[in-house]
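Q: everything below, folded, please.
(one chain, ligands or ions: 1)
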Amino acid sequence: MVEGADTIGGGCRSEELTLPGFVHDTCSTVHALALASPFLGSLPLAEQGLELVHPGVPLAHPLDDGSAVILERSVEETARGLGSDAAAYTKLVGPLVRDAKKLFPDILAPLRPPRHPLVLSRFGLSGIRSAAGLVGRFEGDRARALLAGCCAHSMLSLREPLSAAFGLVLAVSAHGVGWPVARGGSQRLADALASHLESLGGTVEAGRTVASLDELAGASTILADVTPRQLLEMAPGGLPAGYGRRLRRYRYGPGVFKLDWALDGPIPWAAPEVARAGTVHLGGTLEEIMASEDAASSGRHSDRPYVLLVQPSLLDATRAPEGKHTAWAYCHVPHGSTGDMASAIEAQVERFAPGFKELVIGRSAMGPAEVERHNPNYVGGDINGGVQDWRQLFTRPVLRAVPYSTPVPGLFICSSSTPPGGGVHGMCGYWAARAALRAGS
Ligand SMILES: Cc1cc2nc3c(=O)[nH]c(=O)nc-3n(C[C@H](O)[C@H](O)[C@H](O)COP(=O)(O)OP(=O)(O)OC[C@H]3O[C@@H](n4cnc5c(N)ncnc54)[C@H](O)[C@@H]3O)c2cc1C
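A: Take a look at the predicted model:
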C-alpha cells in the first residue's frame, strides 16, 4: 500500500491538533459503519489492538426548552421519549433494526440483486423519500428534530429524494450496532488494518504521493483510493476518451468546516443527559436544520448551522490529560467555501451549553481548503468523495456494470467515490478487490 501523507489512515487518523497530550481525530470518530461492515467485521482487528468503546447512548439532540431527545440503544426506550410519536417511530425503525444484520450487507454494496429483497424493499420504501417527506409521519417536534438531524448527515437538502435513507441507516445502526469510538483515537483502526495487512505479507509505504500511474508501472493491479478528479490527473496519456469525459462530469458536494477543541472540562450541557451521548446534533428543530442544509447545498452559509458534535474524551480517557477533554464539531458549507464558521459553530454549542466558550483552552479550525490539504480525497471539503444524491449514489463514479473497474486493464478505483459511498466501512475497497480478483488481475 502506498500512502501520500506521512501517516496512514486518510479519513481515519488522529493527531495532536491543539495542545500536547490532546488526541484529536482529524476526520472520522464514530465507527458505527465499521461495526456494520461485513468486511471489517471479518477481520481480527481486536487482535491487532483495536478496542471500540461505546458511549452511554449513541446520540443526543438538545432543544431550546432545555430538554434533549435521546437516541438510546433500545428502540422502545427511545420511543418513550418521543411522546405521541412513540408508536410511529417504533413502526418505522423497529422492523429495520430487527433485520439490521440482513440489511447492512445489502446496503453496503453496489447495485446487485439483494440477498434479502423483502428487508431491502422495506428500507427502500421509506429511504427513497426525502427527509422532509419521511418526518411528515411524526406530529411532534422531538421525533421530527431527531430524524432530521440523522438525515442531515447526507449532506443533501432535506427536500431531496434519498436524504431519508441516510437518516434511517444512522438510526438503525445506532440501535442495531451502536456508535462507538476507537480507544486511543481513530488512528488505532487504521493502524490495526495496516498491522493485519503486514501480517499477511503486505507492505505499507507512507510519505509517497503518487503523481502519475506511470510510477506504479510494475504493478499488475492498481486499486486507486482516489476520487475521479485525481484519477484524471494521475493518468499520464489520459484515460480512454469516453470514460474520461464521464469522470469529468462527476459532481462533488458541499464541504465541511471543522473545529477541534481542547477543553478545560466537560461541555456543560443545559440538559445534563446530553453528557451520556458520544454524538450530539445541534440545530434545534426540523425547520432550522432544513434551512441550514438548504443553505449549504445552494451555495450559502447559515447563521445558525446544523452542527454535528462528538465528545470522545467522555468515554475514552486517553484522549486528554486528566480532568481535561476533547471535542470536535463541524457544519456543512458550500463546496470550496472560504467562509469562517468558527463563531457560528461555537454559538450553536453555547446555545445548548451556556459557559462552553470559557472552557476552550485550545482550538484548531479547518475550512474546506485545509480539509482538502489534510486529505486530497476531500475535494472542496466534500468528505463523501462526491454528491450522494439519487443520480450519483449507485452510479459513482460512472454508470458501469462493475463501477470499480476502468477501461484500463488492471486499474480499479476503490474510494468513497464508488458504491456504497462515504464512511469508514472498508466496503468500497472490498468490492473493488473482488472486482479485481474476478477480472483475474
Ligand atoms: C471531519 C470528518 C468527520 C468524519 N466523521 C466520520 C465518522 O464519524 N464516521 C465515518 O464513518 N466517517 C466519517 N467521515 C468520513 C470518512 O472519513 C470518509 O468517508 C472515509 O475516510 C473515506 O474513505 P476513502 O477510502 O474514500 O478515503 P480516505 O480515507 O480519504 O483515504 C484516501 C487516502 O488516499 C491518500 N491519497 C490520495 N491521493 C493520493 C496519491 N495521489 N498518492 C498517495 N496517496 C494518496 C490520502 O492521503 C488518504 O490517506 C468523516 C470525515 C471528515 C472529514
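Q: show me what contacts Gln187?
A: By Cβ atoms under 8 Å, 6 or more residues apart in numbering, the contact set of Gln187 is 7, 9, 12-14, 25. Quick note: C-beta positions are derived from backbone N, CA and C, even for glycine.
Q: out of these, who's near the ligand?
A: The residues of these that also fall near the ligand, by Cβ under 6 Å from any ligand atom, are Cys12.
Q: out of the contacts of Gln187, which sit inside strands?
A: Assigned to strands by DSSP state E, the following of those qualify: 14, 25.
Q: quick one: pLDDT of the closest residue to Gln311 other than its chain neighbours?
A: What sits nearest to Gln311 in space, not counting adjacent residues and going by Cβ to Cβ, 6 or more residues apart in numbering, is Ala327, at 4.5 Å. As predicted, Ala327 sits at a pLDDT of 98.
Q: please apply the same query to Arg73.
A: 98.
Q: cool, Gly238 as well?
A: pLDDT, Gly238: 81.
Q: next: Ser441.
A: At Ser441, pLDDT is 66.
Q: make sure the residue nearest to Gln311 is indeed in a helix.
A: No: Ala327: not assigned to a helix; according to DSSP: H, G, I helix; E, B strand; the rest coil it is strand.
Q: ok, it - how many residues close by?
A: 26 (other Cβ atoms under 10 Å).
Q: would you confirm that it contacts Ile267?
A: Yes: judged on Cβ atoms under 8 Å, Ala327 makes contact with Ile267 at a distance of 6.3 Å.
Q: overlap in contacts, these two.
A: Counting by Cβ under 8 Å, 6+ apart, the contacts common to Ala327 and Ile267 are Gln311.
Q: show the buried residues in the contacts of Gln187.
A: Those of these that meet the buried threshold are 9, 12-14, 25, by 16 or more other Cβ atoms under 10 Å.
Q: re the thing from before, now render the contacts of Gln187 as a markdown table, adding pLDDT.
A: Output for the contacts of Gln187, formatted as a markdown table (pLDDT from 0 to 100):
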| residue | pLDDT |
| --- | --- |
| Thr7 | 96 |
| Gly9 | 97 |
| Cys12 | 98 |
| Arg13 | 97 |
| Ser14 | 98 |
| Asp25 | 98 |
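Q: farthest pair within the contacts of Gln187?
A: Thr7 and Asp25 (12.5 Å; Cβ to Cβ).
Q: quick check: neighbours shared by these two?
A: 13, 187.
Q: could you tell me which residues of the stretch 251-400 of the chain lie near the ligand?
A: Residues of the stretch 251-400 of the chain lying near the ligand by Cβ under 6 Å from any ligand atom: 256, 258, 330, 371, 375-378, 383-385.
Q: hang on, Ala190 in a helix?
A: Yes: under three-state DSSP, Ala190 sits within a helix.
Q: which residues does it contact?
A: Ala190 is in contact with 8-10, 12-13, counting by Cβ under 8 Å, 6+ apart.
Q: ok, it to the ligand distance?
A: Remark: distance between Ala190 and the ligand (Cβ to the nearest ligand atom, to the nearest Å) = 8 Å.
Q: got the phi and psi for the nearest residue to that residue once chain neighbours are set aside?
A: Nearest residue to Ala190, sequence neighbours excluded (Cβ to Cβ, 6+ apart): Gly9, at 3.3 Å. Backbone torsions for Gly9, taken as degrees, to the nearest 10, come to phi 130, psi -30.
Q: my read: Gly9 touches Ser186, true?
A: Yes: using Cβ under 8 Å, Gly9 is in contact with Ser186, at 7.1 Å.
Q: ok, whatever residue of the stretch 151-300 of the chain ends up closest to the ligand - contacts?
A: Closest contact between the stretch 151-300 of the chain and the ligand, by Cβ to the nearest ligand atom, is at Val210 (3.8 Å). By Cβ under 8 Å, 6+ apart, the contact set of Val210 is 2, 4, 216, 234.
Q: try Leu52
A: Leu52 touches 31, 34-35, 180-183, counting by Cβ under 8 Å, 6+ apart.
Q: same question, Ser313
A: 263, 266, 319-320, 324-327.
Q: pick out the most distant pair among those.
A: Taking every pair in these and measuring Cβ to Cβ, the maximum separation is 12.0 Å, between Pro266 and Arg319.
Q: between the two, who's got more neighbours?
A: Set Pro266 next to Arg319 and count neighbours by other Cβ under 10 Å: Arg319 wins out with 26 against 16.
Q: tell me the confidence at the nearest residue to that one once chain neighbours are set aside?
A: Nearest residue to Arg319 in three dimensions, chain neighbours excluded: Ser313, at 4.0 Å (Cβ to Cβ, 6+ apart). Note for Ser313: predicted pLDDT of 98.
Q: repeat that for the one 4 residues further on.
A: pLDDT, Ala317: 97.
Q: ok, it to Ala329 distance?
A: To Ala329, Ala317 is 21 Å away according to Cβ to Cβ, to the nearest Å.
Q: more crowded one of these two?
A: Ala329 (22 against 14).
Q: ok, what's across the strand from that one?
A: Counting by DSSP bridges, Ala329 forms beta bridges with Leu259, Leu309.
Q: which residues touch it?
A: Contacts of Ala329 by Cβ under 8 Å, 6+ apart are 258-259, 261, 282, 307-310, 345, 348-349.
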